[in-house]
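Q: Quick one, fold the following:
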Amino acid sequence: MDAPVIALPTESKLEEYVREVLCQRDNLDPRQSALYRSTITRHGRECGWMFHLKGVRAMRNSAIFAESENRILFYDSTGKKFHEVKLSECPSVEALSKAA
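A: Model (predicted):
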């Protein structure tokens, strides 16, 4: 089955979508679930983000945004991939980190 294609042109829209999908997986309340983000680098260049969602239980779902591939991969707390989306628009990781 092909991955759906969506537009997430800003950093905030991308984070909001990731939080929503990760919370829905285990029926968590987004307001009570902490979302953490780390930058992924390849050959010294920032190329994506890794998100971790920590819920009220001892679970930890995650997502990887790979900018060069224009997609987000979602994994449950066992490490099994459960969802994937392709992006028609996405924020630039390197440009955002330079602006910060």
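Q: show me where this structure has strands.
A: Secondary structure of the chain (DSSP state E): strands located at 5-7, 34-42, 45-54, 60-66, 71-75, 81-89.
Q: And the residue positioned nearest the centre of the chain, how close does it get to His43?
A: Nearest to the mean C-alpha position of the chain, counting by Cα atoms, centre = their mean, stands Ala63 at 4.1 Å. Counting by Cβ to Cβ, to the nearest Å, the gap from Ala63 to His43 is 23 Å. Glycine gets a C-beta too; all of them are placed from N, C-alpha and C.
Q: sorry, back to before: bridge partners for the residue nearest to the centre of the chain, pull those for me.
A: Judged by DSSP bridges, the bridge partners of Ala63 are Phe51, Phe74.
Q: Next up, the contacts around the nearest residue in space to Cys23 that is not next to it in sequence.
A: Closest residue in space to Cys23, ignoring its immediate chain neighbours: Pro30 at 4.7 Å, by Cβ to Cβ, 6 or more residues apart in numbering. The neighbourhood of Pro30, defined by Cβ atoms under 8 Å, 6 or more residues apart in numbering, consists of 19-20, 23.
Q: What are the buried residues along stretch 52-66?
A: Neighbour-count burial for stretch 52-66, counted by 16 or more other Cβ atoms under 10 Å, picks out 53-55, 59-66.
Q: before we move on, the earlier item: which of the contacts of Pro30 fall within helices?
A: Per DSSP state H, helices hold the following members of these: 19-20, 23.
Q: Can you report how many residues neighbour the nearest residue to Thr41 once chain neighbours are set aside?
A: The shortest distance from Thr41 to any non-neighbouring residue, by Cβ to Cβ, 6+ apart, is to Cys47 (6.6 Å). By the criterion of other Cβ atoms under 10 Å, Cys47 has 16 neighbours.
Q: got the contact list for Cys47?
A: With contact taken as Cβ under 8 Å, 6+ apart, Cys47 is in contact with 40-41, 66-68, 93-94.
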